[in-house]
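**Q** show me how the following folds:
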Amino acid sequence: MKKRFSMLVLLACCSALTYAQKKGSTPAAQADTAKKPAPVAPRPPQNGPKPYKEIITDKAITRKGLFTVHKIEDKWYFEMGDSLLGRDVLVVNRISKAPTNTRAGFFGYAGDEINENVIRFDKGPNNRLFMRNISYSVYAKDSTKPMYKSVMNSNIQPIAASFDIKAFSKDSTGIVIDITDFINSDNDILFFASYFKQALRIGGPQPDKSYIADIKTFPINTEIKTVKTYGRMPAPGPFPGASAGPAGNATFELNSSLVLLPKVPMHARTYDDRVAYFTTEYTDFDADPQGVKDISLITRWRLEPKEEDMEKYKRGELVEPKKPIIYYIDPNTPEKWVPYLIAGVNDWQKAFEKAGFKNAIIARRAPTHEEDSTWSLEDARYSAVVYKPSDIPNAMGPHVHDPRSGEILESHINWYHNVMALLHNWYLIQASPSDPRARTAHFNDSLMGDLIRFVSSHEVGHTLGLPHNMGASSATPVEKLRDKAWVEEHGHTSSIMDYARFNYVAQPEDKIGSAGMYPRIGDYDLWSIEWGYKLLPGKTDDEEKDILNDWVKSRYNNPRLRFIHSDGVDPRAQTESLGDNAMKANEYGIKNLKWILPQLPKWLNEKGEDFKSLDQVYDEVYTTFSRYMGHAVTYIGGSYTDLKTTDQDGPVYTVVPKALQKEAMSFLQKNLFTTPTWLLNKSIMDKVTSPVEDKVSGLQDTWLGALLNTNRLQRLITETTRDANAYRIDEFIDDLKKGIFSELTTHAPLDNFRRNLQKSFVERMSNLAAFTAAAPAGGGGITISFGGPSVDVKKTDISSVARGELRALKAQIAAAAATYGDKLSRYHLQDLNERIDRVLNPR
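**A** Predicted structure coming up:
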């Protein structure tokens, strides 16, 4: 959770194409040069600053702001006062306009951030100005102590660029530099970070196809707009050395924002795992007199009362902040969605009231050019919801912050047009049994607007500093999800930052309205904003830390105010799960899926259209069902993690009770390993391209592999040391085997799905059992990992149990094979018997 922003980006692996300008050399001329005139010696350069008027002539077009910007023909000059020297300036680089041939998953669109740095200008010797690239990864707070000097000496900030001082300001309180060549170059301060270049497969810039478009300057920021053309590598082909298309060029319009950071950083708040925020980190050499300490500060906006309202704030009265958080809606956004995006932002106002502020967060339409000709979407003073004409079904809420304090300075929420397709399929699959409006290929604007509002609120939450809280939905008892009065009052999850989506537990007969179906800002969100943003005037850092700790402890036993970290082991914190028991909740979900599936051809019948929508929604049914299976799998070998401080009682780690783990196993045997034939709807299968039969077998094999993951098996072994009544590995595998091979006792026919599943079980168990037999001479173990750290099965009970279960299974198969009359079943069992024998008795 200690990441600056959540974002879902697919990076392509490629090599960057680099263009090197080489100066050629030729052999010395052999021709007779006696008749040529002697060359005229060049005049020596006039070093040092010149008079101001010789540099900034009457031809200059001048703009005043953070840097005074002068344009003289094709040259650009920055004039800065001495007061700017030594000040930290944040540089944020974004794409203003993007080509269509350079997308890399979610990345490569207008508005995307491509690099971020902190710079500082210092005077150097010989009339030079140095630009340093500043890092805050290490820190010593007290400049009066010897440690401060030692830390500074060991962490000198690198010089990223050097400039001749061309002139001094008219009043001698500033300097003038020529910034042209630096902007025209390809450097690590402006423009693309190297990893983004790799993602977009772009190399070096082409100077003859690149130029400075404009530079605007404002009181606290200067905006540089450039057009850059890069050489581009082709996409990788189907085999090494092959390409999937031509290389060519890629031209971008880029915007670099230089923003002056506050002279006095905002008062920072230390991170607490129990109320998670995105963070900025550094290593502190002062915090611990006997060592160093890694410090994490939460990222949050600077909200402060006006001076005249401070006493009211201290008395607990609601006051308006000195500077509210304002989001502008991209003027390119379709008009009908603007009110819903605005509502999604304004929904957070009630949360900030818990922190003592009213009207703390506001959304507005972007001003027209006539209303404000200086307003720009790329201006770093403005936060915005940026509308992207993309086929990617997603939205993201990143933010830019001051690395010294965690102060959030601005945010550009990325709103991809095709997120509506995702919302449509989610809501149809999860809510159509309760909401008749969802039973169609196209939702009306009112319903889609409500869904946009929910996603808008979620992404705004990220820009306020809040990460996902996947455990919030586990605070709601499953039976309450079907209680109309309760769920419409409280919501189906306690946090909009969960991936709880919609209330798929609700059944048609419950008649639950939209208030009980949609996510909303919940109890945890109100509490987390209160914890992060409520000010404690007059308190020292230690006093504030103690007060915040007491706040957390006083609310810790309320499950609706808990943050649970997603670690893949705690079944309470899973994406898109609902309720305090995933097996019970997902039984209701499957019941709804079975009700939905046969009606899809009627709901998605569009005159003159093909079956693409039906295919997509059918695939979403399959994906949703698979997700339900994954929720149950996590219970097996699972462990609850309740992070605490030393002044709190009770364990941090607790093994998931055996009864719940066995309930999960029964759920999987009933719904997954007993072939879910209801998914094989012939009226749909005849119309779609997806080979559903293969997908069902693949789904069974995937989750079987997850169950027999060596990390999970090792947890089952070690958990018995913490809980003598824990679900043992031999019990688990025996239960799994009995369900998958139930026909050995019932002698029921074995269809293709069951045969494939049984083969998969034997293959996976054989892999686990064979490592001891196949271990190389000398005692070296063979390690295997199906995700997570590697487990050397040779040194655990995993191989022993696997071999024991295979011996027992071999005997059962041998006894049952003779009873089968149909050849396929008999051949299958004989084959399994021989496979097991080769593992147990290798030749």
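
**Q** break the chain down into its structural domains.
**A** Using automatic domain parsing, the domains assigned to the chain come out as 57-260, 307-670, 728-840.

**Q** Asp272: which of those domains is closest?
**A** Set against Asp272 and scored by C-beta to C-beta, the domains of the chain come closest in domain 307-670, at 6.3 Å. Bear in mind the C-beta positions are built from the backbone N, C-alpha and C, glycine included.

**Q** averaged pLDDT, that closest one. What do you get?
**A** Mean pLDDT, domain 307-670: 95.

**Q** how far out from the middle of the chain is that domain?
**A** Domain 307-670 sits 14 Å away from the centroid of its parent chain (C-alpha atoms, centre = their mean, to the nearest Å).

**Q** make 32 the starting number, not 1.
**A** Shifting the count to begin at 32 puts that one at domain 338-701.

**Q** circling back to that earlier point, please identify the deepest-packed of the domains of the chain.
**A** Highest mean neighbour count of those: domain 338-701, a mean of 19 (counted as mean count of other C-beta atoms under 10 Å).

**Q** start to end distance for that one?
**A** With C-alpha to C-alpha, to the nearest Å applied, domain 338-701 spans 65 Å between its terminal residues.

**Q** which parts of the stretch 282-431 of the chain are strands?
**A** Using DSSP state E, counting those that start in this stretch, the strands found in the stretch 282-431 of the chain span residues 310-319, 322-329, 331-332, 356-360, 392-396, 414-419, 426-427, 431-432.

**Q** so which of the ones you listed is nearest Trp107?
**A** Among the strands of the stretch 282-431 of the chain, strand 431-432 comes nearest to Trp107, with 24.5 Å by C-beta to C-beta.

**Q** quick check: next helix or strand after the closest one?
**A** The helix or strand immediately downstream of strand 431-432 is strand 438-441, counting by DSSP states H and E.

**Q** which strands or helices does the helix or strand that that following strand is followed by pack on?
**A** Downstream of strand 438-441, the first helix or strand assigned by DSSP H and E is strand 443-447. Packing partners of strand 443-447 (3 or more C-beta pairs under 8 Å, 6 or more residues apart in numbering; DSSP states H and E): strand 414-419, strand 426-427, helix 476-494.

**Q** could you dump those into CSV with distance to Thr676 added?
**A** CSV is the format used below for the helices and strands packed on strand 443-447 (distance: least, C-beta to C-beta, whole Å):
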stretch, distance to Thr676
strand 414-419, 34
strand 426-427, 33
helix 476-494, 25
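
**Q** for Lys95, which of the ones you listed is the nearest?
**A** Between the helices and strands packed on strand 443-447, strand 414-419 lies closest to Lys95; by C-beta to C-beta that is 24.6 Å.

**Q** related to what we said a few turns ago, okay if I get the domains of the chain as TSV plus distance to Asp732?
**A** Below are the domains of the chain laid out as TSV (distance: least, C-beta to C-beta, whole Å):
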stretch	distance to Asp732
domain 88-291	26
domain 338-701	12
domain 759-871	5
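
**Q** distance between the ends of stretch 239-250?
**A** End to end - C-alpha to C-alpha - stretch 239-250 spans 33 Å.
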